[in-house]
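Trainee: generate a structure from the sequence data that follows.
(2 chains)
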Amino acid sequence: MENKTSLRFPLALTLAKGINKLVNIIDPTRGTNLSGEKALLIDPYMVSHFKNIDPSKVILITGTNGKSSSTNLITHILRENGFKVISNLEGANLLSGIATSLAKESDLKGNTDADFYVFETDERYLPLIYEQLPAKNLLVMNLQKDQVQRNGDPDFIYQKVKSVINPEIKLFLNNEEPRSKSFETDNTNVIYFGVEPHKETFNKDESFPTEACPICHHKLDFNYYNVDGVGQFECTNCNFKSQPVPDYSISDIDYENKELIVNGVKGSFPYDYPFMFYNYAAAAAVCKEVAGLSEKEILNSFHNFENIGGRFETFEFGGKTIKYMRIKQENPDTLQSALNTIAQDKEQKAVFLGLYPIHDFTPGYTNSFYTYDCDFKPLIESNVDYFYCFSPAVCYDTALRISYEDFDMEKVEIEETEDPEKIFNKIIETDNTNIYLITWLHTFEDLKKYVKSKQEESNG
Amino acid sequence: MDKKNIKLAWLFPSTLYLHGERGNILAFEKIAQNNDINLTVDTIELNNSFNPLDYDIIYMPAGELVQAQSVITKLEPVKKELKQFIKEGRPLIVTGNSITYFGKNIKRLDKTFQGLGILDFESIENKEVYGDDINFCTNYNQKDLEILGNQIQMCDIKLNSEEPFGTLLYGYGNTGKDKNEGIRKNNSFFTNTLGPLFVLNPWLTQEVINIALENNKLSAIQKQSEYKLEKQSFNSKKDYIKNKKTNLTNTK
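Mentor: Model (predicted):
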């Protein structure tokens, strides 16, 4: 079967290159996987047929959070240091995205000449990708509960990742995320990365469950969290725990001066949201171990690194400055980080909270259970004057979550709407000038479009 | 005046921790507090000792299939007491995948193993996960109740001689093929509904507490609570379900 499909490779590659050219003419800014998708219909093993790819130079990056940012950062560091890199930065993290990237960068015979191949890979599709691209380096950022409608148990994804691990692979594992770290039991060729406690490190009180040890299923204790579910941990039953000192560690994080230390070497950093520090640590580990770069060379590349989106974004409307905190729904980690960040601001504030039904697939559904994994107390105690809960269907559940905190529910307003005009009217109406907005990216983009259209109207 | 004390065991919260089930404990505590009931919640982890008969209510949240054998091993020595607990009409509440632990066997994609065998049903793991809203009616503590929540289904539940807990109005329920939702045994129930079930459906929470009170010869909650916010949530989501696209045909 493989021989037959390899005969199809020239046709698949020609088609992919043709589509890439067309897309480039129509809209060069548009990332697409169309060429890979169509070419894979002709040669389903297309990715395995590209030539000159040394598996020891291939890095696959997977995990619940941070895989896009890490892929972006590692690619950036390698390119800044003069290496040629093929990466799927613009395309999907599926086989089609990788096929598209390789087709773009190869010659007409499928020869590639990159120094490194850095690919973000969806956790679910890692086995399919690995089958065609048997990388010798695998970076696992974290494996947490996420997208439960698609993934169900975290173990469902855990088994997918586990299925590709073998002694030939060098593993880069998050020392402070239990599931990722537990892959060490399948492979001794492991490099650990981690982040020491910093200003935004937090704890939760004992009423919050922690999580199950991936080895023996007993309770894990966390000394602290840098991100929800990520921090130095120890099993209450077996010996499974974080390494006291990982191979690559980010320490002495100075938020004010935007400086940190990687394995004793000081440098500056561009983004300060909590999971980003794990991306820095992972990138340092990969770039030193695989490409031989020094900590100094790695840190020097940080200064002009640009990532997609940041910790928050501010914009003006109706004479008010709105601080937008981006979250992923179905996943408590990003909501907890947003709550913690806002809680650091002790000025009186209004919080506009738009938790929406999940519409990733048919049917959509009204999941709000991740909010009960989050600790709202620090936010409630940080001088919140007003909550506005908006969205179709889930707005009442959002208010219900707040009702389980010590907060005057008279100061909570609920509106079952996604109409930007109604939402912005409330922003204008409130006496508060310190405004925070928490919602997922899709709604935020709609709100931004509305702001832009209003600005265009007023500019005539 | 009655001195109203009831005890709830929250089983293995750090092992069965998937869907914000801490909210359910908050819901029990809130209703108890609003009705002058002294509710003691004991958190039982896998390494704590546990006698079911020390409790009036036992709540076991949704867990992963991979943890089934650890939980079954932990509960095996108190199987007799669990059976007695159910037989005496005390509420054992089990949600999500944790239901599977109580059946005869669990047929995973790669192997089959025995459950606790406390109930007569089988669990069969599906190749794909199914996540959705769920809406069903049930009669519990002689009250007709309508329940709304979420379901993340990894296994189909094949009832043998057991009775369902409710009749689906919408949702996948036990198999996605009929209107059966969960399992009912006396005042114990095993529901596919997970997440903050008792936050969103306080009328059910109240009846669980009432049963615990009545089992202790204490008077049930008299005060009629409005549950205004919960009812708004319920109605809003009911409309959402009515108007959404779905591939399910079992409740049409």
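
Trainee: who in the stretch 151-252 of chain B is up against chain A?
Mentor: B:152-154, B:194-196, B:199-200, B:229-230, B:232-233, B:236-237, B:239-240, B:244-248 (CB under 8 Å from any CB of the partner chain). Every C-beta, even on glycine, is put in place using the N, C-alpha and C of the backbone.

Trainee: narrow these to just the buried residues.
Mentor: B:152-154, B:194-196, B:199-200, B:229-230, B:232-233, B:236-237, B:240, B:244, B:246, B:248 (16 or more other CB atoms under 10 Å in any protein chain shown).

Trainee: from the residues of the stretch 151-252 of chain B next to chain A, which land in helices?
Mentor: With DSSP state H as the criterion, helices contain B:Val199, B:Leu200, B:Leu229, B:Glu230, B:Gln232, B:Ser233, B:Ser236, B:Lys237, B:Asp239, B:Tyr240 from among those.

Trainee: now do the contacts for B:Thr175.
Mentor: Going by CB atoms under 8 Å, 6 or more residues apart in numbering or on different chains, B:Thr175 touches B:Asp156, B:Ile157, B:Lys158.

Trainee: check the second one and give its pLDDT.
Mentor: Put plainly, it is B:Ile157. Looking at B:Ile157, its pLDDT reads 97.

Trainee: that one bridge partners, please.
Mentor: With DSSP bridges as the criterion, B:Ile157 is bridged to B:Ser123.

Trainee: tally of neighbours for it?
Mentor: 24 (other CB atoms under 10 Å in any protein chain shown).

Trainee: and for the last one?
Mentor: Other residues within reach of B:Lys158, judged by other CB under 10 Å, total 16.

Trainee: low pLDDT regions in chain B?
Mentor: Within chain B, the stretches with pLDDT under 70 are B:1-2.

Trainee: chain A now?
Mentor: Scanning chain A for pLDDT under 70 picks out the ranges A:1-5, A:28-31, A:308-311.

Trainee: so what does the helix or strand encompassing A:Ile61 touch, helix or strand wise?
Mentor: For A:Ile61, the element it lies in under DSSP states H and E is strand A:58-62. On a contact count with 3 or more CB pairs under 8 Å, 6 or more residues apart in numbering or on different chains; DSSP states H and E, strand A:58-62 meets helix A:67-80, strand A:116-120, helix A:126-132, strand A:137-140.

Trainee: just the helices in the stretch 151-300 of chain A please.
Mentor: Along the stretch 151-300 of chain A, counting by DSSP state H, counting those that start in this stretch, helices occupy A:154-162, A:178-181, A:274-291, A:295-300.

Trainee: ranking those helices by burial, who's on top?
Mentor: Counting by mean count of other CB atoms under 10 Å in any protein chain shown, helix A:178-181 has the highest mean neighbour count of the helices of the stretch 151-300 of chain A, with a mean of 27.

Trainee: so it, near chain B or not?
Mentor: No - applying CB under 8 Å from any CB, one finds helix A:178-181 separated from chain B by no less than 10.9 Å.

Trainee: the strand holding A:Ile61 pairs with which strands, parallel or anti?
Mentor: Strands flanking strand A:58-62 in the sheet, each with its direction: strand A:116-120 (parallel), strand A:137-140 (parallel) (DSSP bridges).

Trainee: tell me which residues are up against stretch B:80-95.
Mentor: With CB under 8 Å, 6+ apart as the test, stretch B:80-95 has contacts from B:21, B:51-53, B:55-62, B:75, B:101-102, B:116, B:118, B:185-194, B:197, B:208, B:211-212, B:215.

Trainee: smallest gap between the stretch 101-250 of chain A and chain B, at which residue?
Mentor: Residue of the stretch 101-250 of chain A nearest chain B, by CB to the nearest CB: A:Gln149 (3.1 Å).

Trainee: which residues touch that residue?
Mentor: By CB under 8 Å, 6+ apart, the residues touching A:Gln149 are A:Glu330, A:Ile358, A:Asp360, A:Phe361, A:Tyr365, A:Asn367, B:Val129, B:Gly131, B:Asp132, B:Ile152.

Trainee: helix or strand: which one has it?
Mentor: Counting by DSSP H and E, A:Gln149 is found in helix A:148-151.

Trainee: alpha carbons of that helix, as PDB, please.
Mentor: C-alpha atoms of helix A:148-151 as PDB (Å, rounded to 0.1, in the frame of the first residue of the first chain):
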ATOM      1  CA  VAL A 148     -14.500  17.500  27.600                       C
ATOM      2  CA  GLN A 149     -17.200  17.300  24.900                       C
ATOM      3  CA  ARG A 150     -14.500  16.100  22.500                       C
ATOM      4  CA  ASN A 151     -12.000  14.500  24.800                       C
END
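
Trainee: surely A:Gly318 and A:Lys426 touch.
Mentor: No - if you go by CB atoms under 8 Å, A:Gly318 and A:Lys426 don't touch, sitting 10.5 Å apart.

Trainee: give me the neighbour count for A:Asn425.
Mentor: For A:Asn425, the count of nearby residues is 13 (other CB under 10 Å).

Trainee: my error: substitute A:Val148 in the last question.
Mentor: Neighbour count of A:Val148, defined by other CB under 10 Å: 25.

Trainee: quick check: bridge partners of the closest residue to it other than its chain neighbours?
Mentor: Spatial nearest neighbour of A:Val148, excluding adjacent residues (CB to CB, 6 or more residues apart in numbering or on different chains): B:Ile152 at 5.0 Å. Counting by DSSP bridges, B:Ile152 forms beta bridges with B:Gly131.

Trainee: how close does B:Ile152 get to A:Arg124?
Mentor: Distance, B:Ile152 to A:Arg124, by CB to CB, to the nearest Å: 16 Å.

Trainee: next: A:Tyr45.
Mentor: Distance, A:Tyr45 to A:Arg124, using CB to CB: 19 Å.

Trainee: how about B:Pro13?
Mentor: The gap separating B:Pro13 from A:Arg124 is 28 Å, by CB to CB.

Trainee: who has more neighbours, these two?
Mentor: Between B:Pro13 and A:Arg124, counted using other CB under 10 Å, the more crowded position is B:Pro13 (23 against 17).

Trainee: figure out which of the helices of the stretch 151-300 of chain A is closest to A:Leu108.
Mentor: Nearest of the helices of the stretch 151-300 of chain A to A:Leu108, taken as CB to CB: helix A:274-291 at 28.6 Å.

Trainee: what is the closest one packed up against?
Mentor: helix A:67-80, strand A:137-140, strand A:170-174, strand A:190-195, strand A:248-254, strand A:259-262, helix A:295-300, helix A:332-343.

Trainee: in the fifth one, what's buried?
Mentor: Neighbour-count burial for strand A:248-254, counted by 16+ other CB under 10 Å, picks out A:Tyr248, A:Ser249, A:Ile250, A:Ser251, A:Ile253.

Trainee: near chain B, which residues of the stretch 51-200 of chain A show up?
Mentor: Contact residues, the stretch 51-200 of chain A versus chain B (CB under 8 Å from any CB): A:Lys145, A:Val148, A:Gln149, A:Arg150, A:Asn151, A:Gly152, A:Asp153, A:Pro154, A:Asp155, A:Phe156, A:Tyr158.

Trainee: pretty sure the fourth one sits against B:Ile152.
Mentor: It stands for A:Arg150. No - counting by CB under 8 Å, B:Ile152 is not a contact partner of A:Arg150; they are 9.8 Å apart.

Trainee: joint contacts of these two?
Mentor: Jointly contacting A:Arg150 and B:Ile152 under the rule CB under 8 Å, 6+ apart are B:Val129, B:Gly131.

Trainee: from A:Ile74, how far off is the nearest residue to B:Gly171 once chain neighbours are set aside?
Mentor: Excluding the flanking residues, the one nearest B:Gly171 by CB to CB, 6+ apart is B:Ile134, at 3.4 Å. Here the criterion is CB to CB. By it, B:Ile134 lies 42 Å from A:Ile74.

Trainee: which ones are touching the closest residue to chain A within the stretch 151-252 of chain B?
Mentor: Proximity of the stretch 151-252 of chain B to chain A (CB to the nearest CB) peaks at B:Gly195, 3.2 Å away. B:Gly195 sits next to A:Asn367, A:Ser368, A:Phe369, A:Tyr372, B:His19, B:Gly20, B:Glu21, B:Gly23, B:Gly149, B:Asn150 when contact means CB under 8 Å, 6+ apart.
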